[in-house]
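sequence? don't have it. structure:
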(Lines give C-alpha, C1' and ligand atoms only; values in the text may rest on other atoms or scores of the structure.)
Protein backbone atom coordinates (compact mmCIF):
# COMPACT_ATOMS: atom_id res chain seq x y z
CA UNK A 1 0.00 0.00 0.00
CA UNK A 2 2.67 2.45 0.97
CA UNK A 3 4.64 1.61 -2.18
CA UNK A 4 1.62 2.55 -4.30
CA UNK A 5 1.36 5.82 -2.40
CA UNK A 6 5.09 6.36 -2.78
CA UNK A 7 4.88 5.72 -6.53
CA UNK A 8 1.93 8.09 -6.84
CA UNK A 9 3.73 10.74 -4.79
CA UNK A 10 6.87 10.35 -6.90
CA UNK A 11 4.83 10.62 -10.11
CA UNK A 12 3.09 13.78 -8.87
CA UNK A 13 6.41 15.25 -7.79
CA UNK A 14 7.86 14.47 -11.22
CA UNK A 15 4.87 16.14 -12.93
CA UNK A 16 5.21 19.18 -10.66
CA UNK A 17 8.93 19.46 -11.43
CA UNK A 18 8.23 19.23 -15.17
CA UNK A 19 5.56 21.92 -14.93
CA UNK A 20 7.88 24.19 -12.95
CA UNK A 21 10.60 23.65 -15.55
CA UNK A 22 8.15 24.54 -18.35
CA UNK A 23 7.00 27.65 -16.45
CA UNK A 24 10.62 28.75 -15.99
CA UNK A 25 11.29 28.21 -19.71
CA UNK A 26 8.21 30.22 -20.69
CA UNK A 27 9.14 33.05 -18.32
CA UNK A 28 12.62 33.18 -19.82
CA UNK A 29 11.09 33.26 -23.30
CA UNK A 30 8.73 36.05 -22.27
CA UNK A 31 11.44 38.27 -20.74
CA UNK A 32 12.81 39.72 -24.02
CA UNK A 33 9.25 40.40 -25.17
CA UNK A 34 8.53 42.30 -21.95
CA UNK A 35 11.65 44.40 -22.51
CA UNK A 36 10.57 45.13 -26.08
CA UNK A 37 7.08 46.07 -24.86
CA UNK A 38 8.59 48.52 -22.34
CA UNK A 39 10.81 50.02 -25.05
CA UNK A 40 7.84 50.43 -27.38
CA UNK A 41 5.73 52.01 -24.61
CA UNK A 42 8.53 54.48 -23.84
CA UNK A 43 8.65 55.42 -27.53
CA UNK A 44 4.86 55.86 -27.59
CA UNK A 45 5.07 58.10 -24.51
CA UNK A 46 7.83 60.18 -26.14
CA UNK A 47 5.80 60.59 -29.34
CA UNK A 48 2.68 61.52 -27.33
CA UNK A 49 4.64 64.23 -25.48
CA UNK A 50 5.92 65.56 -28.79
CA UNK A 51 2.38 65.53 -30.21
CA UNK A 52 1.09 67.42 -27.16
CA UNK A 53 3.87 69.99 -27.59
CA UNK A 54 3.03 70.41 -31.28
CA UNK A 55 -0.68 70.83 -30.46
CA UNK A 56 0.25 73.54 -27.98
CA UNK A 57 2.41 75.29 -30.59
CA UNK A 58 -0.45 75.03 -33.09
CA UNK A 59 -2.86 76.57 -30.59
CA UNK A 60 -0.50 79.49 -30.00
CA UNK A 61 -0.01 79.96 -33.76
CA UNK A 62 -3.78 79.90 -34.36
CA UNK A 63 -4.27 82.49 -31.63
CA UNK A 64 -1.59 84.68 -33.25
CA UNK A 65 -3.27 84.27 -36.65
CA UNK A 66 -6.58 85.36 -35.11
CA UNK A 67 -4.94 88.37 -33.51
CA UNK A 68 -3.28 89.35 -36.80
CA UNK A 69 -6.55 88.92 -38.71
CA UNK A 70 -8.26 91.26 -36.26
CA UNK A 71 -5.46 93.76 -36.68
CA UNK A 72 -5.76 93.50 -40.48
CA UNK A 73 -9.50 94.02 -40.16
CA UNK A 74 -8.96 97.14 -38.05
CA UNK A 75 -6.41 98.51 -40.53
CA UNK A 76 -8.72 97.80 -43.47
CA UNK A 77 -11.68 99.51 -41.79
CA UNK A 78 -9.63 102.40 -40.52
CA UNK A 79 -9.95 101.70 -36.77
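Arrived safely, thanks for sending. Since this is a predicted model, take the numbers as computed values, not measurements.

find the residue at the geometric middle of this structure.
residue 41 (3.1 Å; Cα atoms, centre = their mean).

how close does that residue sit to residue 34?
11 Å (Cβ to Cβ, to the nearest Å). Heads up, the C-betas are built off the backbone N, CA and C, glycines and all.

what do you get for residue 7?
For residue 7 relative to residue 34 (Cβ to Cβ), the value is 40 Å.

show me the shaky parts of the chain.
In the predicted model of the chain, residues 1, 79 satisfy pLDDT under 70.

all the helices of it, residue numbers only.
2-77 (DSSP state H).

burial count for residue 16?
Using other Cβ atoms under 10 Å, residue 16 has 10 other residues around it.

and for residue 30?
Residues near residue 30, counting by other Cβ under 10 Å, number 11.

what's the answer for residue 38, then?
So residue 38, with other Cβ under 10 Å, has 10 neighbours.

how near is it to residue 26?
Taking Cβ to Cβ, one finds residue 38 at 19 Å from residue 26.

what of residue 9?
Note on residue 9: its distance to residue 26, by Cβ to Cβ, is 26 Å.

again with residue 34
Going from residue 34 to residue 26 by Cβ to Cβ gives 12 Å.

with residue 17 instead?
Distance, residue 17 to residue 26, using Cβ to Cβ: 15 Å.

before we move on, what about residue 19?
Residue 19 sits 10 Å away from residue 26, going by Cβ to Cβ.

and residue 57, by the same measure?
Residue 57 is 46 Å from residue 26, by Cβ to Cβ.

for residue 50, same thing?
36 Å.

equivalent analysis for residue 8, please.
Using Cβ to Cβ, we find residue 8 at a distance of 27 Å from residue 26.
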